[in-house]
Structures are given as structure tokens and as C-alpha cells.
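K.L.:
sequence first, then the predicted structure:
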Amino acid sequence: MVDTGSADEPRAPFAVWAPFPRRLRLSLRDASSPDSSGQSVADAIVEMRRSGGDWWTPAGDVPDQTEGPLDYGYLIDDSDAPRPGPRSRRQPAGVHQRSQTYNPSSFAWSDQDWTGRQLPGSVIYELHVGTFTPGGTLDAAVEKLDHLRTIGVGLVELMPVNAFGGRWGWGYDGVDWYAVHEAYGGPPAYQRFVDACHAAGLGVVQDVVYNHLGPSGNYLTLFGPYLKQGRNTWGDLVNLDGDGSAEVRRFILDNVRMWFVDYHVDALRLDAVHALSDSSPVHILEEMAIETAALSAHLGRPLTLIAESDLNDTRLVTPREGGGYGLDAQWSDDFQHALHVALTRETTGYYADFEPLSALAKVCEKGFFHDGTWSSFRGARHGKPVDTGHMPAWRLVVFSQNHDQIGNRARGDRLTEHLDDDQLACAALVTMCGPFTPMLFMGEEWAASTPFQFFTSYVEPELGKTVSEARFAEFARMGWDPAQVPDPQDPATFARSTLDWSEPADGRHARVLAVYRELAALRRSWPQLTDPAFANVVATADEATRLFTLRRHDLLVAVNFGDDTVSLPVDGRVVFATPTAPNLVAAGLELLPHTGVVVHLDAGAL
């Protein structure tokens, strides 16, 4: 399969939307006959003809794609340099080289009985394919699916896998949104991965980026107005509402459909939706929700859209009939900030407002801490209240750690470096037993000692130098010694971030892993822990003793975030305790510093 129109308006093979060029030629090569450089031997150049809507189609005959894959590229105007197709399904030699045809229907799926995985009640597990295993491929990741099942994972979330510049990177600077990064195994490996996940009872969430294009290998702007004036944090704005934006929007919406239809994924995580600049009558997010809902009805399985947003505005997840965009869920950074401060007492930057323990209690009861309150970090009021009377708590995805909260620290250090085993268990306890949808980050379940650092591998020397220098300067402004900040372009930075799978068998790693497995069993055994009603959540915080409690019906989660033993006057049975168990006393329990419990309250205590 190559560049075509949407499913509703299929186009001829190799058709491409390109309003900018004056002339366009298609350069074709037989992919089965590579030369010494790995590229296939030249075959043919076919002139292309502009038709309605600035779509170009080959003016001459093209080879039958059923006879094998073809390498192809577009010669723009008078250039003899072939450029990848905007909807390229495969980039076997990287983002600067020719595309290759790939027919997703050639894969023999075995998931015909898969009925999907809903988000409510599920645990998400975020991973980076390149560092999840030493092999760094999708096939290697398949070997670890049984491990994920033991910690109660229902949905596996992959950081972006679209083709990007270089061999390794986080994936958020992708440029070929329709292609699966070749170093991970390309599109066939992706299909094998999803098929294996479904066989294991796991759904797949794919992280996608529609708010910018990466700096290495972005040739879309040679074809048409994919970008517009203005910039966000990461690059030029995607053209969602200017001249030519109808085709750009269709480009994005067809990509959403591709993941659900051709790759059988169950959900998409939409990166930084606050950076989508769209003044259209129907926002691109709402249009995604409309088309995804229709597709879900057709396919007969739940399809989920999860937004990353720092706006603290639940309009994103409010149903369309209630005036919202109709997405299914959104990340809540406030939970992470409040829990991180409670555990570490770190109050620099955006953590400052979360210093009181009551911030964690408010987040658990109200969904957001900043719900119209003053944000000292932003210098303005921030957020809007959650309609807790109507919105289910599962619509907020929460975590104690994720790729950003680890990787955007100067050294990429995890909580593992700073907390003892009981504190790590408390982080898991509040995340897994709170009212929201919990998400884990790869390796946290065994207190992985490996960092997760920011790494790149741009082949352009100047670009690589610019990225490294910008990283050093960013942290120098925050008071860090640049010598302590890993160089993103250094291969050792990537290598250090790879998980060590020998760790879970021993020592603290085994102890923490046992905690996660016990909490997973607890979530499945007690329906109180997956009840999404805010009305059934009561949280308290004692600033003096730093005792935090979270009531879920007749279950009481209690955590001593302080440095002294505290009394917990309670009648009931302990159904979970962090590695250091509480003391049983006449008045109830004594919680030692940094420990936590879950108590099933006696009927008389309710």
C-alpha cells in the first residue's frame, strides 16, 4: 500500500496531494534487487499529472504491487533527489531515503475473537520499545508480555513508533507518521506485536504526535501547506485551520483510522493536545472523536482516545452532547506533582504549589489541584473545576512516574534513586488504589536502577550539536552543572536507559515487584478500588503528622508520608501492607515512617 486518499475516497496507487510543486515525477525501484548501499536498483521514472484538488497521479503505467515491494520516491520540480511519500508505510533505509510499499492486509491476524479492552478498570503500562529490552525491537517486547500480565496490566502503551531521524530517540520528533520505525522491526513487527498482545489479553495504546513535525527528515513542506505560521514548544504549528487545511486534517484523521484498522490498536494517546492550534468550527479533536466513535460501532470493539493536556480542562473528555470534544480520557499531571512532593519534599519549579499534603487529598477528591487556583509556576490562574457529580474518575489517567517526569530531569533519575522500598510501595499504593486510571512506567514495578534519559541520534552533525547544546543550556539555567547532564547524542545515554531484566529476581527489585503484584491482585479482588464515582472518595491529610488517608467505601488506604510513627485509630482487617508492616496496638494501628496499609473496615466503623 502506498500514498492514497481516505477510505471514503480511495485514489490510484502512488497518488499524492502536492499543491506546491510545478512538476512531479515518480521514481520507482524494485526493492528485491538492492545495490551495495542497501538501496534497490533503479527501475523507472514516471511523470505525474496534476488533477482536481492538487492530487497528482502517475501519467504512465506503474508496476503491479502484488508482485513484491517497490522502493519509491517523488522527484519534485527539477530535483533528481527522491523524497519519501507523505503517507509512506515504510522507510527501510531511514527518513531521508525512498519509501517502500507495504500492504497491511498481507498480515495473517489471529485475533478474530478479540473483543477489545475498555479503559475503565484497566491499568496502563507505558514503554519505550528501544529501551524496554536489550533487543530494542517489537518482537523482543513480545517476550515480556507474560510479565506485564502478572502486575495487572490491561493496556500496553507504546511511546511513538512513527519513523524519525536516527536509529534511536524518544519518537516525538517523528516525520513519517504512517511508517513504523524500521529499527523496531517496521510494520510487520508492529502487527505481530499487537496480535501477540491480543492473544495475551492485553490491549494496545499507541502514542501519536500531531502537534508538530521533527527537524530531521521532514519533507512534507515540499509537497504542501502542512505547517502554518507560528510555533509551539517543539516546532512550527501544524496547519489545522488555514489554506489547504482540509487535506492536512484528512491526513491526520486517516492516520487515526490506520492505527485502528490496519494495526488493530485499541487506543491512541494524543500527545500535547494543548499545542494543537485550531480555530475551525469543529476542533480536530472533536472530529477525531466523531470518526473514532463511528469506527468503533462498525468494528464492534471499544476504541479509546486519551489526551495529554496541561490545560486542566475536562471539556476534552466531556461527551459531545454535553458540549465537550468527546474524547475518552486525559492525563492528570496534578496527581503526579502532588504525590511526588508528598514522597520527596521536592518543591522546585511547578512542584512548589503542591507542598502541602492537602494538595494530594484535593486531587483525589476533586480531580485537579489547579482548578482555577493561582499557579505560581505560570503566574496566572490555571485550570477549571471537574464536574465530580457527573464525570467518572477513570477519565483521568494518573501516574507516579512517566517518560516525561523521569526523562526531563537533568539525569533522567527515577524515584528509585531517592526513596526507600516502603516509599516506592506507597507510590504504587496511592496510584493503584486511587479512583483514577493508573499508569505505570516501564521498570518502576521492580524499582529499576537504570535511568531513563533523553537521547537522540540525529545523523546531521549540526542538528545533533544544537540539540546537545540546548539541553546543556536548559539545565544550566536551573543551576545544574552541565557536566552532569548526559549528552543526548552520546550512544551511551541511550544504552544506560535500557532496562536490566536480571534485576527483578533479587533484592529490593524482587521486594518491590512483589508489592506491585499484590496490588494488582487487590484491584481485581475488591470492586471498591475500581469504582469511578468521586462521591465515594473521601481523602484527608494531616499536615502535622503527614498522615494521608483515602476512603474507598469500606476500604481505607492510609499512608504515613512523615518521618515519625503515627497512630491510625481504626477497626478492621489489614488486607495490604507495604514491606514494613504496621504495629498492632489497642487503639488500632501504628504506621512506621514511610509506610502504608489498606484496611477493610469493620461494619461498626463505617
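P.N.:
Received, thanks.
K.L.:
quick one, helices of the stretch 501-606 of the chain?
P.N.:
With helices called from DSSP state H, counting those that start in this stretch, the stretch 501-606 of the chain shows them at 507-525.
K.L.:
where in it is pLDDT low?
P.N.:
604-606 (pLDDT under 70).
K.L.:
swap in 90 and give it another go.
P.N.:
For the stretch 501-606 of the chain, applying pLDDT under 90 flags the ranges 586-587, 603-606.
K.L.:
find the nearest non-adjacent residue to R231, please.
P.N.:
Leaving aside its chain neighbours, R231 sits nearest to L237 (6.5 Å; criterion: Cβ to Cβ, 6 or more residues apart in numbering). Every C-beta, even on glycine, is put in place using the N, C-alpha and C of the backbone.
K.L.:
equivalent analysis for D500, please.
P.N.:
Nearest non-adjacent residue to D500, counting by Cβ to Cβ, 6+ apart: T450, 5.7 Å away.
K.L.:
equivalent analysis for Q401, please.
P.N.:
F441 (4.7 Å).
K.L.:
what is the neighbour count of that neighbour?
P.N.:
Neighbours of F441 under the rule other Cβ atoms under 10 Å: 25.
K.L.:
low-confidence stretches in the stretch 201-350 of the chain?
P.N.:
233-235, 348-349.
K.L.:
where do the strands of it begin and end?
P.N.:
Secondary structure of the stretch 201-350 of the chain (DSSP state E, counting those that start in this stretch): strands located at 203-208, 227-231, 236-238, 267-270, 304-307, 329-331.
K.L.:
could you measure from G85 over to L24?
P.N.:
From G85 over to L24 the distance is 11 Å, taken as Cβ to Cβ, to the nearest Å.
K.L.:
the two - which one has more neighbours?
P.N.:
The neighbour count for G85 versus L24, taken as other Cβ under 10 Å, is higher for G85 (27 against 22).
K.L.:
could you list the domains of the protein?
P.N.:
16-103, 527-605 (automatic domain parsing).
K.L.:
out of the ones you listed, which gets nearest to T137?
P.N.:
domain 16-103 (14.6 Å; Cβ to Cβ).
K.L.:
what's the first-to-last distance across the closest one?
P.N.:
This stretch, domain 16-103, spans 17 Å end to end (Cα to Cα, to the nearest Å).
K.L.:
quick one: mean pLDDT for it?
P.N.:
Across domain 16-103, pLDDT averages out at 89.
K.L.:
and it, how far out from the chain middle?
P.N.:
Offset of domain 16-103 from its chain centre (Cα atoms, centre = their mean, to the nearest Å): 31 Å.
K.L.:
one more: stretch 498-511?
P.N.:
24 Å.
K.L.:
just stretch 401-414 next, same as before
P.N.:
Once both centres are worked out by Cα atoms, centre = their mean, stretch 401-414 turns out to sit 14 Å from its chain's centre.
K.L.:
show me what counts as buried in that stretch.
P.N.:
Residues Q401, N402, H403, D404, Q405, I406, G407, R409, A410, R411, G412, R414 are the ones in stretch 401-414 that count as buried (16 or more other Cβ atoms under 10 Å).
K.L.:
endpoint to endpoint, it covers what distance?
P.N.:
OK, stretch 401-414 end separation, Cα to Cα: 8 Å.
K.L.:
need the contact partners of it.
P.N.:
126, 128, 159, 170, 336, 340, 399, 415, 427, 439, 441, 443-444, 447-448, 451-454, 475, 478, 480, 484-486, 496-497 (Cβ atoms under 8 Å, 6 or more residues apart in numbering).
K.L.:
same thing but at 6 Å, please
P.N.:
Here stretch 401-414 makes contact (Cβ atoms under 6 Å, 6 or more residues apart in numbering) with E126, Q336, L415, F441, E444, P451, F452, Q453, F454, F475, W480, V485.
K.L.:
weed out the non-buried ones from those.
P.N.:
E126, Q336, L415, F441, E444, P451, F452, Q453, F454, F475, V485.
K.L.:
in strands, which of those residues fall?
P.N.:
E126, F441 (DSSP state E).
K.L.:
any chance of the buried ones among the contacts of stretch 401-414 in JSON lines with distance to R249 as columns?
P.N.:
As requested, the buried ones among the contacts of stretch 401-414 are exported to JSON lines (distance: Cβ to Cβ, whole Å):
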{"residue": "E126", "distance to R249": "28"}
{"residue": "Q336", "distance to R249": "32"}
{"residue": "L415", "distance to R249": "40"}
{"residue": "F441", "distance to R249": "32"}
{"residue": "E444", "distance to R249": "37"}
{"residue": "P451", "distance to R249": "39"}
{"residue": "F452", "distance to R249": "34"}
{"residue": "Q453", "distance to R249": "35"}
{"residue": "F454", "distance to R249": "31"}
{"residue": "F475", "distance to R249": "37"}
{"residue": "V485", "distance to R249": "39"}
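K.L.:
T498 belongs to a strand, doesn't it?
P.N.:
No - counting by DSSP: H, G, I helix; E, B strand; the rest coil, T498 falls outside a strand, being coil.
K.L.:
what count of nearby residues applies to the nearest residue to it once chain neighbours are set aside?
P.N.:
What sits nearest to T498 in space, not counting adjacent residues and going by Cβ to Cβ, 6+ apart, is T131, at 4.5 Å. With neighbours defined by other Cβ under 10 Å, the count for T131 comes to 23.
K.L.:
element containing T131?
P.N.:
Following DSSP states H and E, one finds T131 within helix 129-132.
K.L.:
helices or strands up against that helix?
P.N.:
The contact analysis (3 or more Cβ pairs under 6 Å, 6 or more residues apart in numbering; DSSP states H and E) places helix 129-132 against no helix or strand.
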